[in-house]
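**Student:** Provided below are the primary sequence and the corresponding predicted coordinates.
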Amino acid sequence: MTSSPDTPIADGIPPIASLDAPALSERLTSLLDHKTKPLRALGRLEDLAHQLGRILGSTAPALTAPQALVFAADHGLARQGVSAYPADVTWQMVRNMLAGGAAISVLTRQHGIALKLIDCGVAQALPPHPDLMNCKVATGTADASEQPAMTAEQCAQAIAAGRRAVQAVPGNAVLLGEMGIGNTSAAALLLARLIDQPVEACAGAGTGVQGEAFARKLQVLRKVLARHAGAHAPLDVLAAMGGLEIAGMVGAILQAALERRVIVVDGFVTSAAVLVAARLQPNVLQRCVFSHLSHEQGHRLMLDAMGVRALLQMDMRLGEGSGAALAWPLLESACRILREMASFESAQVSGQTSNQSIP
């Protein structure tokens with residue numbers, strides 16, 4: 001279950017091409033430089049506008065029918081006490097999201113973003129709902145401290161489910177979110193193995209684990225890493241220590257990148273899915289906008305490993321896609337700057353005077 005960036009991967013996904021297009025990039029830079037403002041006065045908003053223009057292949061990018069896709073699943077590792085909350089919270093929070101009461105429900109409603117829940121492996125049976133996609137591969141993963149979290153087949157099925165979720169929705173932008181008690185532990189394990197760092201540097205409080213409980217969590221995570229010491233290829237690591245919802249997000253990232261959609265990444269757990277996807281297809285990073293730096297301690301390490309920066313730092317660690325939805329207006333503003341802001345020429349405003357001409 002291994003692959004290189006130059007060969008098809010996971011259920012026939014072809015190589016994802018680079019967005020390198022010098023002519024478009026130069027045109028975007030020129031347009032931004034000639035807007036009615038001092039050079040680079042809008043700072044990182046200009047970088048974001050440039051990136052969105054490249055992703056969408058346009059000097060006048062517009063974001064259409066944004067879709068928040070929240071992937072949910074349970075984790076067998078939660079039985080080892082790595083979370084401050086019981087496993088039942090996974091299905092209860094999915095129900096809360098569908099009822100419109102969760103943070104992601106509020107934020108997507110505020111910004112006119114469609115919200116879909118994808119059940120990749122919630123232990124509880126969920127009743128049908130128009131915003132719920134039933135893609136259940138299993139009723140949660142196995143306990144990774146005792147055996148691989150997923151079989152290779154289950155991992156591939158979850159990746160395929162993520163691909164189908166993207167294919168089923170319209171629009172040119174996907175906001176990623178997740179729900180799964182125990183999944184910050186899975187994300188920390190993926191980070192530790194894929195960038196070869198001690199788990200103590202990768203794992204944080206998650207849902208609020210502290211003191212002796214946090215020490216116990218680290219002990220469990222070290223046991224998992226030792227048990228799966230032979231897993232190093234990205235998909236092998238994902239199957240051994242990841243989660244069904246993380247695998248689902250890997251598939252969603254790969255499919256969205258293939259379709260040249262903007263991928264808005266939330267926090268620690270969604271970034272772990274990007275880390276796996278980028279090890280398979282590095283060019284997915286060109287399509288990813290990282291919404292915020294999570295309060296989870298391993299997130300900065302993860303973003304640094306991928307060579308990316310987040311837009312916001314709000315000390316959030318909720319998940320659900322809440323940070324992605326919160327950052328969404330910045331993406332809309334960046335596109336509007338390119339489309340609507342006047343140039344010096346069109347507005348008949350004098351441009352910058354050269355310092356050489358000042359007596």
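**Tutor:** Perfect, thanks for sending it. Numbers count the residues shown, from 1 in each chain.
**Student:** pull the contacting residues for D88.
**Tutor:** By Cβ atoms under 8 Å, 6 or more residues apart in numbering, D88 lies in contact with Q124. Backbone N, C-alpha and C define where each C-beta goes, glycine included.
**Student:** partners of the residue most central in space within the chain in the sheet?
**Tutor:** Taking Cα atoms, centre = their mean, the centroid of the chain lies closest to V265, which sits 3.1 Å from it. Note on V265: beta-bridge partners F290, judged by DSSP bridges.
**Student:** tell me how many other residues surround G100.
**Tutor:** The number of residues packed near G100 is 12, by other Cβ atoms under 10 Å.
**Student:** looks to me like E146 is in a strand.
**Tutor:** No. If the criterion is DSSP: H, G, I helix; E, B strand; the rest coil, then E146 is coil and not within a strand.
**Student:** quick one on the thing from earlier: which pLDDT value goes with the residue nearest to the centre of the chain?
**Tutor:** In this model, V265 is scored at 98, pLDDT.
**Student:** doesn't E178 make contact with it?
**Tutor:** No. With contact defined as Cβ atoms under 8 Å, V265 and E178 do not form a contacting pair (10.9 Å).
**Student:** who touches both of the two?
**Tutor:** Joint contacts of V265 and E178 (Cβ under 8 Å, 6+ apart) do not exist.
**Student:** then G319 would be within a strand, right?
**Tutor:** No. Applying three-state DSSP, one finds G319 to be coil, outside a strand.
**Student:** what is the neighbour count of it?
**Tutor:** 27.
**Student:** which residues does it contact?
**Tutor:** 177-179, 183, 266-270.
**Student:** residues contacting the closest residue to G243 other than its chain neighbours?
**Tutor:** Spatial nearest neighbour of G243, excluding adjacent residues (Cβ to Cβ, 6 or more residues apart in numbering): A186 at 4.5 Å. By Cβ under 8 Å, 6+ apart, A186 lies in contact with 75, 77, 144, 149, 180, 241-243, 246, 269, 272.
**Student:** take the contacts of G319 and write them to CSV, including neighbour count and secondary structure.
**Tutor:** Formatted as CSV, these follow (neighbours: other Cβ atoms under 10 Å; DSSP: H, G, I helix; E, B strand; the rest coil):
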residue, neighbour count, secondary structure
G177, 34, strand
E178, 29, strand
M179, 29, strand
N183, 33, helix
D266, 32, coil
G267, 32, coil
F268, 28, helix
V269, 31, helix
T270, 34, helix
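**Student:** let's have these in a markdown table, adding distance to G140.
**Tutor:** A markdown table is the format used below for the contacts of G319 (distance: Cβ to Cβ, whole Å):
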| residue | distance to G140 |
| --- | --- |
| G177 | 18 |
| E178 | 14 |
| M179 | 13 |
| N183 | 11 |
| D266 | 21 |
| G267 | 22 |
| F268 | 20 |
| V269 | 16 |
| T270 | 19 |
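**Student:** and the furthest pair within the residues you listed?
**Tutor:** Within those, two members stand farthest from each other by Cβ to Cβ: M179 and F268, at 13.4 Å.
**Student:** end to end on stretch 281-292, go ahead and measure it.
**Tutor:** Using Cα to Cα, to the nearest Å, the end-to-end distance of stretch 281-292 comes to 23 Å.
**Student:** I should have written stretch 306-314 there, sorry.
**Tutor:** 20 Å.
**Student:** what's the spacing between the spatially closest residue to Q154 that is not a sequence neighbour and L303?
**Tutor:** Spatial nearest neighbour of Q154, chain neighbours left out: V137 (5.2 Å); criterion: Cβ to Cβ, 6+ apart. Distance, V137 to L303, using Cβ to Cβ, to the nearest Å: 29 Å.
**Student:** which one of those two is surrounded by more residues?
**Tutor:** With neighbours defined as other Cβ under 10 Å, V137 and L303 compare such that V137 has more, 25 against 20.
**Student:** I'd assumed the more buried one was in a helix, is it?
**Tutor:** No. Applying three-state DSSP, one finds V137 to be coil, outside a helix.
**Student:** got the contact list for it?
**Tutor:** 120-121, 150, 154, 157-158, 161, 244.
**Student:** need the max-distance pair from these.
**Tutor:** M150 and A161 (12.4 Å).
**Student:** so where is the stretch 1-150 of the chain shaky, pLDDT-wise?
**Tutor:** Residue ranges of the stretch 1-150 of the chain with pLDDT under 70: 1-11.
**Student:** before we move on, what about the stretch 251-359 of the chain?
**Tutor:** 354-359.
**Student:** tell me where it has strands.
**Tutor:** For the stretch 251-359 of the chain, the strands defined by DSSP state E, counting those that start in this stretch cover 262-265, 288-292, 310-312.
**Student:** for A272, see how far away M133 is.
**Tutor:** According to Cβ to Cβ, M133 and A272 sit 21 Å apart.
**Student:** no, scratch that, I was asking about V264
**Tutor:** Distance from V264 to A272, by Cβ to Cβ: 16 Å.
**Student:** how about A17?
**Tutor:** In terms of Cβ to Cβ, A17 sits 24 Å off from A272.
**Student:** of these two, who's got more company?
**Tutor:** Under the neighbour definition other Cβ under 10 Å, A17 and A272 were set side by side, and A272 has more, 30 against 12.
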